[in-house]
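# fold the following.
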Amino acid sequence: MEITQEQATLMRKLTKEGKPISKVVAEDFPQFAYWDVYFAVYSKGERSSTGIKRMITNRINEIADSNTKKRRAELADELHGLVWHLYSNHKANQSKLAKIRSALD
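This is a model prediction of the structure:
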(Lines give C-alpha, C1' and ligand atoms only; values in the text may rest on other atoms or scores of the structure.)
Protein backbone atom coordinates (compact mmCIF):
# COMPACT_ATOMS: atom_id res chain seq x y z
CA MET A 1 0.00 0.00 0.00
CA GLU A 2 1.40 3.36 -1.06
CA ILE A 3 1.39 6.37 1.25
CA THR A 4 -0.34 9.35 -0.33
CA GLN A 5 1.08 12.87 -0.20
CA GLU A 6 -1.70 13.96 2.17
CA GLN A 7 -0.98 11.05 4.52
CA ALA A 8 2.76 11.79 4.48
CA THR A 9 2.09 15.45 5.26
CA LEU A 10 -0.09 14.49 8.22
CA MET A 11 2.56 12.02 9.43
CA ARG A 12 5.23 14.75 9.32
CA LYS A 13 2.89 17.17 11.14
CA LEU A 14 2.21 14.67 13.92
CA THR A 15 5.90 13.92 14.45
CA LYS A 16 6.77 17.64 14.44
CA GLU A 17 4.24 18.02 17.24
CA GLY A 18 6.23 15.45 19.22
CA LYS A 19 4.30 12.27 18.60
CA PRO A 20 6.63 9.25 18.28
CA ILE A 21 6.49 7.30 15.01
CA SER A 22 5.43 4.15 16.86
CA LYS A 23 2.34 6.00 18.14
CA VAL A 24 1.64 7.54 14.73
CA VAL A 25 1.59 4.00 13.32
CA ALA A 26 -0.44 2.48 16.15
CA GLU A 27 -3.01 5.27 16.56
CA ASP A 28 -3.26 7.01 13.21
CA PHE A 29 -1.94 4.73 10.44
CA PRO A 30 -2.16 1.07 11.54
CA GLN A 31 -2.38 -0.03 7.89
CA PHE A 32 1.28 0.94 7.37
CA ALA A 33 4.44 -0.61 8.76
CA TYR A 34 6.71 1.38 11.06
CA TRP A 35 9.42 1.74 8.42
CA ASP A 36 6.98 3.00 5.78
CA VAL A 37 5.95 5.82 8.12
CA TYR A 38 9.57 6.44 9.14
CA PHE A 39 10.64 6.98 5.54
CA ALA A 40 7.59 9.11 4.76
CA VAL A 41 8.43 11.36 7.73
CA TYR A 42 12.19 11.65 7.40
CA SER A 43 12.78 11.43 3.68
CA LYS A 44 9.74 13.39 2.57
CA GLY A 45 8.45 10.32 0.75
CA GLU A 46 11.68 9.75 -1.15
CA ARG A 47 13.16 6.41 -0.26
CA SER A 48 16.88 5.79 -0.36
CA SER A 49 18.30 2.56 -1.72
CA THR A 50 19.50 1.69 1.77
CA GLY A 51 16.03 2.33 3.16
CA ILE A 52 14.42 0.19 0.47
CA LYS A 53 16.94 -2.59 1.21
CA ARG A 54 16.03 -2.41 4.89
CA MET A 55 12.33 -2.51 4.06
CA ILE A 56 12.83 -5.55 1.82
CA THR A 57 14.77 -7.32 4.56
CA ASN A 58 12.03 -6.56 7.09
CA ARG A 59 9.30 -7.81 4.73
CA ILE A 60 11.21 -11.04 4.05
CA ASN A 61 11.58 -11.60 7.78
CA GLU A 62 7.88 -10.89 8.24
CA ILE A 63 7.00 -13.42 5.52
CA ALA A 64 9.06 -16.04 7.36
CA ASP A 65 7.12 -15.31 10.57
CA SER A 66 3.70 -15.03 8.94
CA ASN A 67 1.11 -17.71 9.64
CA THR A 68 -1.46 -16.84 7.01
CA LYS A 69 -1.28 -17.32 3.28
CA LYS A 70 -3.16 -14.04 2.72
CA ARG A 71 -0.57 -12.02 4.67
CA ARG A 72 2.31 -13.73 2.84
CA ALA A 73 0.67 -12.84 -0.48
CA GLU A 74 0.26 -9.20 0.60
CA LEU A 75 3.91 -9.03 1.63
CA ALA A 76 5.02 -10.65 -1.62
CA ASP A 77 3.11 -8.00 -3.58
CA GLU A 78 4.72 -5.26 -1.52
CA LEU A 79 8.16 -6.83 -2.05
CA HIS A 80 7.54 -6.88 -5.78
CA GLY A 81 6.83 -3.13 -5.69
CA LEU A 82 9.94 -2.40 -3.63
CA VAL A 83 12.19 -4.42 -5.91
CA TRP A 84 10.66 -2.76 -8.97
CA HIS A 85 11.32 0.64 -7.35
CA LEU A 86 15.00 -0.27 -6.86
CA TYR A 87 15.25 -1.47 -10.45
CA SER A 88 13.64 1.69 -11.83
CA ASN A 89 15.99 3.89 -9.79
CA HIS A 90 18.97 1.88 -11.00
CA LYS A 91 17.95 2.29 -14.65
CA ALA A 92 17.35 6.03 -14.17
CA ASN A 93 20.75 6.43 -12.51
CA GLN A 94 22.43 4.54 -15.34
CA SER A 95 20.82 6.91 -17.82
CA LYS A 96 21.95 9.97 -15.83
CA LEU A 97 25.47 8.60 -15.59
CA ALA A 98 25.61 7.99 -19.34
CA LYS A 99 24.54 11.61 -19.98
CA ILE A 100 27.18 12.90 -17.56
CA ARG A 101 29.86 10.80 -19.23
CA SER A 102 28.89 12.00 -22.69
CA ALA A 103 28.89 15.63 -21.51
CA LEU A 104 32.38 15.19 -20.08
CA ASP A 105 33.76 13.75 -23.33
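
# select the longest helix from the chain.
Taking DSSP state H as the criterion, the chain has its longest helix at helix 69-104.

# what comes up buried for that one?
The neighbour-count criterion (16 or more other Cβ atoms under 10 Å) identifies 74, 75, 78, 79, 82 as the buried residues of helix 69-104. Glycine gets a C-beta too; all of them are placed from N, C-alpha and C.

# which residues does the last one contact?
Translated: residue 82. For residue 82, the contact set (Cβ atoms under 8 Å, 6 or more residues apart in numbering) comprises 52, 55, 56, 59.

# against residue 60, how distant is the closest residue in space to residue 72 that isn't next to it in sequence?
Excluding the flanking residues, the one nearest residue 72 by Cβ to Cβ, 6 or more residues apart in numbering is residue 66, at 4.9 Å. Taking Cβ to Cβ, to the nearest Å as the measure, residue 66 falls 11 Å from residue 60.

# residue 50 too?
Noted for residue 50: a distance of 16 Å to residue 60, by Cβ to Cβ.

# and those two? which has more neighbours close in?
residue 60 (13 against 8; other Cβ atoms under 10 Å).

# surely the more buried one meets residue 76?
No - using Cβ atoms under 8 Å, residue 60 is not in contact with residue 76, being 9.8 Å away.

# helix, strand, or coil at residue 19?
Following DSSP: H, G, I helix; E, B strand; the rest coil, we place residue 19 in the coil state.

# count of neighbours near it?
With other Cβ under 10 Å as criterion, residue 19 counts 14.
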